[in-house]
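1. I need the structure of the sequence given here:
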Amino acid sequence: MPLFNNSISSNKIIHLVDSRPSGTNGGGTASGWNDRVINSIRKDDTGLVTLSNNQFVLPAGNYSISAVASFYKSYETKLRLFNNTDSSTLLVGLNSYIGNLDSGLIALLDGVFEITANQSLSIQYRANNTNMATIGVGAAAGFGVEEIYLSASLQKLD
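-> Got it, this is the predicted structure:
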């Protein structure tokens, strides 16, 4: 008898990222709620996810999400999963804070949600310091590999 029964898990993985060329900063922060850049679908086991203007369309279903996003000197910072189709907040991330020190933070968004039809979603942020014109959402490492400023892994649970 096998230890794991592979037929039990039919979860489908979706992986979205904000990827930039090496040496490219993540961009500045702005006031209010703003879409985080999502410019690549790295994996889509559903074969149905589309991406346009930092918004991704998911088919109806139950999902879990785990997302991380970088920030630099952003003070109070929060992520949320926003449903653009019906202008509602589906999930709110953990409170994050980094002060005036020369350092950055990783904001987290984690949870489970359901949508009953195809919906256009975005991962949005809000930060209290909007004075970081080119690096508020992440400073480049410049190590000769891509710069990743957001990584979101979703599982379609049904």
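
2. same for the helix or strand of the chain with the lowest mean pLDDT, what does it pack against?
-> The weakest-scoring helix or strand in the chain, judged by mean pLDDT, DSSP states H and E, is strand 96-98 (a mean of 84). Secondary-structure packing of strand 96-98 (3 or more C-beta pairs under 8 Å, 6 or more residues apart in numbering; DSSP states H and E): strand 61-72, strand 75-83, strand 104-115. Every residue, glycine included, has its C-beta placed from N, CA and C.

3. partner strands of it and their direction?
-> strand 75-83 (antiparallel) (DSSP bridges).

4. confidence score at Arg126?
-> Here, the pLDDT recorded for Arg126 equals 95.

5. likewise for the one 5 residues further on?
-> Per-residue confidence (pLDDT) for Asn131: 79.

6. same check on the one 3 residues further on?
-> With respect to pLDDT, Thr134 scores 88.

7. quick revisit: can I get the helices and strands packed on strand 96-98 in CSV including mean neighbour count and mean pLDDT?
-> Output for the helices and strands packed on strand 96-98, formatted as CSV (neighbours: other C-beta atoms under 10 Å; pLDDT from 0 to 100):
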stretch, mean neighbour count, mean pLDDT
strand 61-72, 20, 96
strand 75-83, 20, 95
strand 104-115, 17, 95
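
8. pretty sure Leu150 is touching Asp35, no?
-> No. The pair Leu150 / Asp35 is not scored as a contact, 10.4 Å apart, by C-beta atoms under 8 Å.

9. and for the two, which residues touch both?
-> Ile123 (C-beta atoms under 8 Å, 6 or more residues apart in numbering).

10. what about the two, which has more around it?
-> Applying other C-beta atoms under 10 Å to Leu150 and Asp35 shows that Leu150 carries more neighbours, namely 26 against 14.

11. just give the nearest non-adjacent residue to that one, would you?
-> Once flanking residues are discounted, Leu150 sits nearest to Asp18: 3.9 Å by C-beta to C-beta, 6 or more residues apart in numbering.

12. I figured the one you found hits Arg42, correct?
-> No. Asp18 is beyond contact range of Arg42, at 11.1 Å (criterion: C-beta under 8 Å).

13. ok, these two, which is more surrounded?
-> More neighbours surround Asp18 than the other of Asp18 and Arg42, with 23 against 13 (other C-beta under 10 Å).

14. which residues in this structure form strands?
-> 12-20, 34-35, 40-44, 50-52, 55-58, 61-72, 75-83, 88-92, 96-98, 104-115, 119-127, 147-156 (DSSP state E).
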